[in-house]
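Engineer: Model the structure of this input:
(chains A and B)
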Amino acid sequence: MAAPVGPVKFWKPGSEGPGVSVSEERQSPAESSAVTVIYNPYASLSIEQQRQKLPVFKLRNHILYLVENYQTLVIIGETGCGKSTQIPQYLAEAGWTAEGRVVGVTQPRRVAAVSVAGRVADERGAVLGHEVGYCIRFDDCTDPQATRIKFLTDGMLVREMMADPLLTRYSVLMLDEAHERTLYTDIAIGLLKKVQKKRGDLRLIVASATLDAEKFRDFFNQNDTGDPSKDTSVILTVEGRTFPVDIFYLQSPVPDYIKSTVETTMKIHQMENDGDILAFLTGQEEVETVVSMLIEQARALARTGMKKHLRVLPMYAGLPSPEQLKVFERVPHTVRKVSCCVSQFLPPSRVSAAQMLHLSEEDFEKLPKSTVPEMQRSNLAPVILQLKALGIDNVLRFPFLSPPPAQSMVQALELLYALGGLDMHCRLTEPLGIRIAEFPLNPMFAKMLLESGNFGCSQEILTIAAMMQIQNIFVIPPNQKIQAARQHRKFAVEEGDHLTMLNVYEAFVKHSKSSQWCQEHFLNYKGLVRASVVREQLKKLLVRFKVPKKSSEGDPDPVLRCIVSGFFANAAKFHSTGAYRTIRDDHELHIHPSSVLYAEKPPRWVVYNEVIQTAKYYMRDVTAVESSWLLELAPHFYQQGTHLSLKAKRAKVDDH
DNA sequence: GAGCACTGC
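Structural biologist: Down below sits the predicted model:
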């Protein structure tokens, strides 16, 4: 009756069927776990030889031909075929970066943008930030004069269009991992379709998995003559990958999967020649446990005379990005790299990773292959505001690849109206709406910052806004939970998370931003440094918008009221049922366990920054408020008659 | 009152 545990991934070059050593042993529970092995047989070759080994190399001229002759090329290729690193270089070599033009490559994730840029700079013998650069939020590593190949997050591309709607500097844009259908990839796709109509010279490469390729091609095809020879978009498939992948499923469950992950990893380390290892775990804490166990065992092994060194690296989102980037660094032949990652194959139904690891092969195969586009399930307020800022007045007629539900459009418009960013005719307001859109933040944060001068607490609000952009300020080592909690309590205040984070930052500054002090207080030093960088950048925007520099001098009231002026729409009331309910739509919510208000007497009224959905709907970053503030600071949103005006507005929206 | 998903601007 025991359900098989899986999946186990096993990569081995040149092998068609099951791999040799590990797979043969996969039926033995003690030696089975979710472990991926990557062999790199080309590590000893020169960079140029390595480039020529990539599957995409054979198609170099064909790709260049298609880019020359079609406005849009949809390219299908698996991870590892080399498309992300090679195609931009082929384009540069073929002249697409002549006369100051730029080839841009977007990635859905920051880490990917930085690491792929690093790899390409390496291959070209360039210093990162010159010929090859990257641009992500709060971190622009490009040279406006010198950069020819630019990697950026898709969100950053959308933001760039606010300054240059036709993206005049770019000759080619490649949207990598487009099949992931992230919110900003989808927006970029819609925007680029519009740009292409005005700029026939702009070339687009959409890199996608097989499933969506035809959808992308048809979306971009401007040929309405019915004659296929006049198509403006085309699909090309890159066959193969550098390292074939085999997936194995365990036959029986593993009693202690942490232990067996460590055992399997060590076995591979001792038995196999070259190759790095990826071990998948279900959470940050497990990653850290496995990392420390592996380090310990590798040390013991080194003492017995094992020549090959094991470099053990943790990899999870809470890690500062320089630490995350270490898993992409190349290591010498004498070293084997083990990256311990959090499993991220979570389906949209939000089954937890732990559950996932205990599914049978049959059940695993039943899970949906492609996820619901983010556009279908997101808060669209930031999107709509940005589209408006890009001059797209009728957002309902925007060419969405998958149009979002009308209801979420209406909600977003209502919120933006309530924030004062849009007027009654759904037009961007001047100057507030334009300013809100300028901030690289959720509109509620932007509104809060812009109001902070009026509340006489811009200093405090700047800190709070910056701190809220950083995750995991409180460090909780699994073996020192009690000590960490004791230190963290020193900063906690009954008002909630916002003022607690203000306290943390102010104490950090008071102690001269000392890393030693952070360590003693179980605080994320790098995170706090990042918060101060973010704070400086946000401060520049406030200076530009002439928001007066003021402090409430320790008085919490103005600060709390200012938070409400931005986050009034995210208000919830505690009910006798023992849960919170949103004021807006009576939706049940709970305080997230990471909040300082968790396990405290629940305040009657709260506002929160965001909701995350796991087992339940949790509010993250929560602060207690007075209900009277909601009425006072957002009368248009909460007073009687609101529903009527919303209905009227809805009717107006539906008219478009 | 009950115990923690990730990414992006």
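
Engineer: Backbone torsions only: list them for A:Ala279.
Structural biologist: For A:Ala279, the backbone dihedrals are phi -110, psi 130 (criterion: degrees, to the nearest 10).

Engineer: give me every residue that touches A:Gln196.
Structural biologist: A:Gln71, A:Thr72, A:Leu202, A:Leu204, A:Phe220, A:Gln222 (CB atoms under 8 Å, 6 or more residues apart in numbering). C-beta coordinates here come from the backbone N, C-alpha and C atoms, glycine included.

Engineer: A:Ile392 contacts A:Phe398, doesn't it?
Structural biologist: Yes: counting by CB atoms under 8 Å, A:Ile392 does reach A:Phe398; the two are 5.8 Å apart.

Engineer: neighbour-wise, which of those two wins?
Structural biologist: A:Phe398 (20 against 17; other CB atoms under 10 Å).

Engineer: what's the burial count for A:Arg397?
Structural biologist: When neighbours are counted by other CB under 10 Å, A:Arg397 comes out with 10.

Engineer: Now do it against DNA strand B, distance only.
Structural biologist: A:Arg397 sits 22 Å away from DNA strand B, going by CB to the nearest atom of the strand, to the nearest Å.

Engineer: phi, psi of A:Arg311?
Structural biologist: Dihedral angles (degrees, to the nearest 10) for A:Arg311: phi -100, psi 110.

Engineer: Look at it and report its pLDDT.
Structural biologist: On pLDDT, A:Arg311 comes in at 89.

Engineer: what's the answer for A:Ser408, then?
Structural biologist: 87.

Engineer: residues in contact with it?
Structural biologist: A:Ser378, A:Asn379, A:Leu380.

Engineer: Mind checking which of the contacts of A:Gln196 are in helices?
Structural biologist: If you go by DSSP state H, the contacts of A:Gln196 have A:Phe220 in helices.

Engineer: Any chance of a PyMOL selection covering the buried ones in the contacts of A:Gln196?
Structural biologist: Entered in PyMOL, the line below selects the buried ones among these, by 16 or more other CB atoms under 10 Å:
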select buried, chain A and resi 71+72+202+204+220
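
Engineer: And the furthest pair within the contacts of A:Gln196?
Structural biologist: Pairwise distances across those peak at 12.4 Å for A:Leu202 and A:Gln222 (criterion: CB to CB).

Engineer: Now do the shared contacts for those two.
Structural biologist: Counting by CB under 8 Å, 6+ apart, the residues touching both A:Leu202 and A:Gln222 are A:Gln71, A:Gln196.

Engineer: what's near enough to touch the spatially most central residue of chain A?
Structural biologist: Closest residue to the average C-alpha location of chain A: A:Arg109 at 4.9 Å, with CA atoms, centre = their mean. For A:Arg109, the residues meeting the contact criterion (CB under 8 Å, 6+ apart) are A:Thr153.

Engineer: tally of neighbours for A:Ile482?
Structural biologist: A:Ile482, neighbours per other CB under 10 Å, totals 8.

Engineer: does it count as helix, strand or coil?
Structural biologist: Recorded secondary structure, A:Ile482: helix (DSSP: H, G, I helix; E, B strand; the rest coil).

Engineer: Tell me the pLDDT of it.
Structural biologist: A:Ile482 is assigned 89 on the pLDDT scale.

Engineer: can you list the domains in chain A?
Structural biologist: Annotated domains of chain A cover A:22-238, A:257-366 [automatic domain parsing].

Engineer: Out of the ones you listed, which gets the lowest mean score?
Structural biologist: Looking at these, the bottom one is domain A:257-366 with a mean of 72.

Engineer: A:Gln411 should be in a strand, yeah?
Structural biologist: No: counting by three-state DSSP, A:Gln411 is not part of a strand but helix.

Engineer: mind listing what A:Val74 touches?
Structural biologist: A:Ile205, A:Val206, A:Ser208, A:Ala213, A:Phe216, A:Arg217, A:Phe220, A:Ser233, A:Val234, A:Ile235, A:Leu236.

Engineer: Quick one: residues contacting the third one.
Structural biologist: Each residue near A:Ser208 by CB under 8 Å, 6+ apart is listed here: A:Val74, A:Ile75, A:Ile76, A:Ala178, A:His179, A:Phe216.

Engineer: Minimum distance to DNA strand B, which residue of the stretch 501-650 of chain A gives it?
Structural biologist: Closest residue of the stretch 501-650 of chain A to DNA strand B, CB to the nearest atom of the strand: A:Gly578 (2.0 Å).

Engineer: What residues does the stretch 51-200 of chain A have near DNA strand B?
Structural biologist: The stretch 51-200 of chain A comes close to DNA strand B at residues A:108-111, A:136-137, A:153, A:155-156, A:159, A:182-184, as judged by CB under 7 Å from any atom of the strand.

Engineer: among those, which are in strands?
Structural biologist: A:Ile136, A:Thr153 (DSSP state E).

Engineer: Any quick PyMOL command for the buried ones out of the residues of the stretch 51-200 of chain A next to DNA strand B?
Structural biologist: The PyMOL command for the buried members of these (criterion: 16+ other CB under 10 Å) is given here:
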select buried, chain A and resi 108+110+111+136+137+153+155+156+159+182+183+184
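
Engineer: Could you verify my assumption that A:Leu419 touches A:Pro443?
Structural biologist: Yes: A:Leu419 is within contact range of A:Pro443, at 5.8 Å (criterion: CB under 8 Å).
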